[in-house]
Structures are given as C-alpha cells and as structure tokens.
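Enquirer: Got a predicted structure here, sequence first:
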Amino acid sequence: MKRTTLAILLIGCLCRGALGQVLSFVDSPSDNLAALGNCNYNRLHPELQQLADAYNELIELRFLPLKLADVTAIFGAKLDQRPGDRARPVFAPMIIAESGLGYNDLANKRHVDFHAVGPAGYLEARYQYDGETVATCVLYLRTNSAFIPLQSTNDITARMAWDKTQFELLRQWLEGHLPKVTDLGVVEVSESKPTRVELGAGAACILTTRVLNHPDVTNLWFTVDLAKETADLPGKNRSQQHRSINQPDKAVGFSIDGRFYRVTPRLIDPIRKPDK
C-alpha cells in the first residue's frame with residue numbers, strides 16, 4: 001500500500017494567522033487498510049490507550065525538540081529508501097498534521113528522512129520549512145518472523161501482543177540513546193505577560209502564551225512560544241519553538257543551546273468562552 005499524502009490545507013485552522021495544516025496518512029505496507037480503518041482500537045481495547053499515550057509522549061517530549069543534526073547524531077545516516085518491513089503500531093495515529101506555514105514557498109526546505117531505530121523499529125522524521133527543525137515524527141515497528149499482519153479485525157488480539165512486545169524493545173533502545181531531559185516542573189503562564197523560566201547556569205527562556213478562541217474548541221487550548229532569553233535577536237529567533245496545549249497540565253519538550261527540557265505550562269488566566 002503506497003503512502004497517501006492528503007496534503008489538505010485547512011483554511012479554518014485552530015491558530016491565529018490561519019496558517020493551515022497539512023495532513024498525511026501513515027501507511028503500514030503489510031496491513032489491510034480497511035482493517036485499519038474499520039475499528040477504533042484504542043476505544044475498543046482500553047489497554048492500548050496507555051501505549052498510545054506513551055507513543056504520543058515520545059513524539060511530543062523527546063522528538064519535537066530535536067534538530068536535523070541531533071537526529072543524525074542519534075540514529076545515524078538516513079536510509080536510502082523507505083523501509084518495506086515497517087509496521088505502524090495499531091495504537092499509533094493514522095493521520096499526522098504539520099503546519100502549512102511556507103508550504104508552497106520556493107524557499108521551502110521541507111523533507112522527510114527515514115532512520116533505523118536500533119533493531120526494533122524505524123523513525124520517519126518530517127522537517128519544517130527551514131529543513132532543520134522537526135515538524136513531526138512517526139515511529140514504526142520493524143517486522144520479524146513473529147509479525148502478525150492485520151488483515152481483519154480477527155487479527156487484532158495477536159497483533160496487539162506483538163505490537164506491545166516490539167514497542168517495549170523500541171522504547172528501551174530510545175531510552176538508552178535519546179538525550180537526557182531536565183524536568184522544569186509546572187510553570188504558571190498568562191496571556192497578559194511573558195513568563196521567564198530559569199534553565200540553570202545563568203540561562204533562561206521566555207514563554208509567551210496565546211489563548212485560542214475557536215468555535216470548534218470545547219476544551220482548554222492555548223499555545224506557548226519558547227525562546228532563549230538573550231539580547232541577540234537572531235539567536236533568539238533561531239531558538240524559538242512553538243508548542244500547542246490541548247489539555248490541562250500537558251508537558252511539552254524543547255531545547256536551548258543543545259540542552260533538552262520539559263515543562264508543564266499551567267494557564268492561570270480565566271478561560272474565555274469561544275467567540276460566536
């Protein structure tokens with residue numbers, strides 16, 4: 001099954017400036033598309049939700065702060081071609097989203113690289129318009145002789161067992177190779193003014209918060225821009241990272257000067273009702 005890129009620019013996006021999003025389908029060559037799409041496995045099999053949460057946490061906290069040089073240093077040279085023995089975990093998203101900012105710009109340097117993740121899986125790294133910053137990632141499991149192709153919903157129980165085993169091997173490899181992270185804990189943020197956070201060794205970052213008001217948003221949703229505190233404006237701009245918060249007390253990952261952090265922004269402004 002070939003990769004299908006939806007490449008849909010959503011005009012009514014959930015961020016100011018109407019930057020839009022590009023959606024892409026995450027394929028799994030050995031699995032039947034109908035079997036993948038007929039079931040919300042995480043809903044029907046609640047035990048998968050914990051694995052889905054762990055998967056999403058890896059992407060958001062450990063991979064989004066990486067740059068192209070970091071990915072190459074950790075995983076080695078990119079693969080010459082998309083690996084055919086990859087399988088999307090049944091608990092992982094089937095659709096991924098990227099910002100549409102600069103998508104049709106002639107200077108756009110977006111690209112997609114595949115890397116081996118030890119013996120257990122693969123990484124698909126998708127880069128932003130600057131060609132250096134990770135936009136989003138997909139983690140695949142590497143098939144083996146015990147792999148169970150998903151051809152119908154009858155295969156789900158056996159496939160879940162295989163996925164859980166392989167995903168644990170993948171996580172163990174990543175834990176030993178991804179950069180260590182400093183947890184900055186909960187930080188109160190407000191739309192009314194930026195928040196300064198100490199990073200240690202005289203360094204600090206500034207969190208700028210924007211509360212989003214959109215008719216389709218029914219839960220807490222705001223964005224945080226993180227940037228190094230410095231008088232060097234070009235350096236500050238290079239360090240800036242954008243994160244979205246779609247649930248209370250959600251942690252985000254970021255990097256400053258090659259060091260990696262996680263922080264949990266807690267909005268203290270009153271929640272404003274969406275504009276009608």
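Expert: It's in. Numbers count the residues shown, from 1 in each chain.

Enquirer: surely residue 147 meets residue 162?
Expert: Yes - taking Cβ atoms under 8 Å as the definition, residue 147 is a contact partner of residue 162 at 6.1 Å. In short, each C-beta sits where N, CA and C put it, glycine included.

Enquirer: Look at those two and report which has more neighbours.
Expert: Neighbour totals were compared for residue 147 and residue 162, and residue 162 leads with 20 against 17 (other Cβ atoms under 10 Å).

Enquirer: quick one, what contacts residue 240?
Expert: 225, 226, 227 (Cβ atoms under 8 Å, 6 or more residues apart in numbering).

Enquirer: Can you give me the pLDDT of the last one?
Expert: Same thing as residue 227. pLDDT for residue 227: 96.

Enquirer: For it, what is the enclosing helix or strand?
Expert: Assigned by DSSP states H and E, residue 227 falls within strand 222-228.

Enquirer: quick one on the thing from earlier: would you mind checking the contacts of residue 240 for buried ones?
Expert: 226, 227 (16 or more other Cβ atoms under 10 Å).

Enquirer: can I assume residue 266 sits in a strand?
Expert: Yes - under DSSP: H, G, I helix; E, B strand; the rest coil, residue 266 falls within a strand.

Enquirer: Kindly provide the distance from it to residue 138.
Expert: Per Cβ to Cβ, to the nearest Å, residue 266 is found 30 Å from residue 138.

Enquirer: Looking at the two, which has the bigger crowd around it?
Expert: For residue 266 versus residue 138, the count of surrounding residues by other Cβ under 10 Å is larger for residue 138: 23 against 15.

Enquirer: Just grab the bridge partners of that one for me.
Expert: Here residue 138 sits in beta bridges with residue 124, going by DSSP bridges.

Enquirer: Looks like it contacts residue 88 (just checking).
Expert: Yes - between residue 138 and residue 88 there is a contact under Cβ under 8 Å: 7.5 Å.

Enquirer: Show me the common contact partners of these two, please.
Expert: Common contacts of residue 138 and residue 88 (Cβ under 8 Å, 6+ apart): residue 26.

Enquirer: Could you break this structure into its assigned domains?
Expert: 21-177, 181-267 (automatic domain parsing).

Enquirer: Quote the end-to-end distance of the longest one.
Expert: Domain 21-177 has an end-to-end distance of 31 Å (Cα to Cα, to the nearest Å).

Enquirer: now do the last one
Expert: End-to-end distance of domain 181-267: 23 Å, with Cα to Cα as the criterion.

Enquirer: What segments of the chain are strands?
Expert: 21-25, 86-87, 95-99, 112-117, 121-127, 134-142, 181-189, 195-200, 203-211, 222-228, 241-245, 252-256, 259-267 (DSSP state E).

Enquirer: which of those is buried the deepest?
Expert: strand 86-87 (a mean of 24; mean count of other Cβ atoms under 10 Å).
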